[in-house]
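Trainee: Need a 3D model of the sequence below.
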Amino acid sequence: MISVPYIPSSPVNKVLIAGDAPEPVLKSLASRGIEPVKTASLPTLPKNLSYHPDMQFVNISEGVIVCARGIHEDIKHRLKDLGYEIISGNSPLAPQYPSDIAYNCAVVGRFAFLNMRYTDDKVIEILKKSGKTLLHVPQGYAKCSIAIVNEEAIITADLKIHEKAVQNGIDSLLIPPQKNIVLDGYNYGFIGGSCGLISKTGLAFSGSYDCLDSADLIVKFLDKHGVVPVSLGNSNIVDIGSIIPLCTV
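Mentor: Numbers count the residues shown, from 1 in each chain. Model prediction:
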């Protein structure tokens, strides 16, 4: 399993990913020796977000994942088989914002970005027990909005998240909303929901990173931190609710 949530120290061989992720993305992961552990649809979420892992799960600390109520038992068993402790949260989800964001929390090293007003109380409790510093942000879709580069660097299009990161010593690249990130039913998707680390030095995007409006800025920022972008396809990037690393080689 991953000792630092979302930030693998070596190449990944299993990731948690949306069950409806595009086939080219799944095939590209498989070609790299990475097995996708697919989510099931959660009907209490908005239809186009119902498979998104960052709406259903929070990897809080090494081996500890809090999940939304109603998660399919097969997924829980699969994660338990990989060595994870799976804790069910207390908050029911509903399709309308902000009733859909109780588990949308971004854990970045020793920090956690979240809207504390609407985050599940079990998530907050375990974050505190694990020693995380909680950073309240107005953005309810905190994990969707944050591409985690390492324990001390993120990419986001949310100004308040950017400001809170900088205030706490995190190097943050603020980009404009990426209008080329596809999310059915919405004008565009989020940068955090379109990617995830598949090694210490590889940030994988669910499509071609060259399609991003701010591709040059992002590549330059990643290079600064010794990370390279990885395209999991040749077409536009799709917001699939994050690619969450689970296990390393």
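Trainee: Count the neighbours of Ala68 for me.
Mentor: Residues lying near Ala68 (other C-beta atoms under 10 Å) number 23. All C-beta atoms are positioned from the backbone trio N, CA, C, and that covers glycine.
Trainee: Return the residues in contact with it.
Mentor: Neighbouring residues of Ala68 by C-beta atoms under 8 Å, 6 or more residues apart in numbering: 42, 44, 55-57, 88-89, 91, 93, 102-103, 120.
Trainee: Next, the contact list for Leu45, please.
Mentor: Counting by C-beta under 8 Å, 6+ apart, Leu45 touches 52, 55-56, 93, 95, 100.
Trainee: mind running it again at 7 Å?
Mentor: 55, 93, 95, 100 (C-beta atoms under 7 Å, 6 or more residues apart in numbering).
Trainee: Now do the same for it: helix, strand or coil?
Mentor: Using DSSP: H, G, I helix; E, B strand; the rest coil, the structure places Leu45 in coil.
Trainee: Over to Cys144?
Mentor: Counting by three-state DSSP, the backbone at Cys144 sits in helix.
Trainee: again with the one 4 residues further on
Mentor: At Ile148, secondary structure determined by three-state DSSP is strand.
Trainee: Just give me the neighbour total for it.
Mentor: Neighbours of Ile148 (other C-beta under 10 Å): 25.
Trainee: Isn't it up against Tyr6?
Mentor: Yes: contact criterion C-beta atoms under 7 Å: Ile148 and Tyr6 qualify, at 5.0 Å.
Trainee: Need the residues touching each of these two.
Mentor: With C-beta under 7 Å, 6+ apart as the test, Ile148 and Tyr6 both reach Leu197.
Trainee: Sitting in helices, which of the contacts of Ala68 do you find?
Mentor: Residues of the contacts of Ala68 located in helices (DSSP state H): 55-56.
Trainee: Kindly supply the ChimeraX command isolating those of the contacts of Ala68 that are buried.
Mentor: Applying 16 or more other C-beta atoms under 10 Å to those, the buried members can be selected in ChimeraX as follows:
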select :42,44,55,56,57,89,91,93,102,103,120
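Trainee: And the contacts of Ala68, which is closest to Ile198?
Mentor: Ile198 lies nearest to Phe57 out of these, by C-beta to C-beta, at 17.4 Å.
Trainee: Bridge partners for the closest one, pull those for me.
Mentor: Beta bridges link Phe57 to Cys67, judged by DSSP bridges.
Trainee: ok, it to Val227 distance?
Mentor: Relative to Val227, Phe57 is positioned 23 Å away (C-beta to C-beta, to the nearest Å).
Trainee: Check Tyr84 too.
Mentor: As judged by C-beta to C-beta, Tyr84 and Val227 stand 25 Å apart.
Trainee: Asn59 now?
Mentor: Using C-beta to C-beta, Asn59 is found at 19 Å from Val227.
Trainee: Of those two, give the one with the bigger neighbour count.
Mentor: Between Asn59 and Val227, counting by other C-beta under 10 Å, Asn59 is the more crowded of the two (24 against 19).
Trainee: No more questions from me, cheers.
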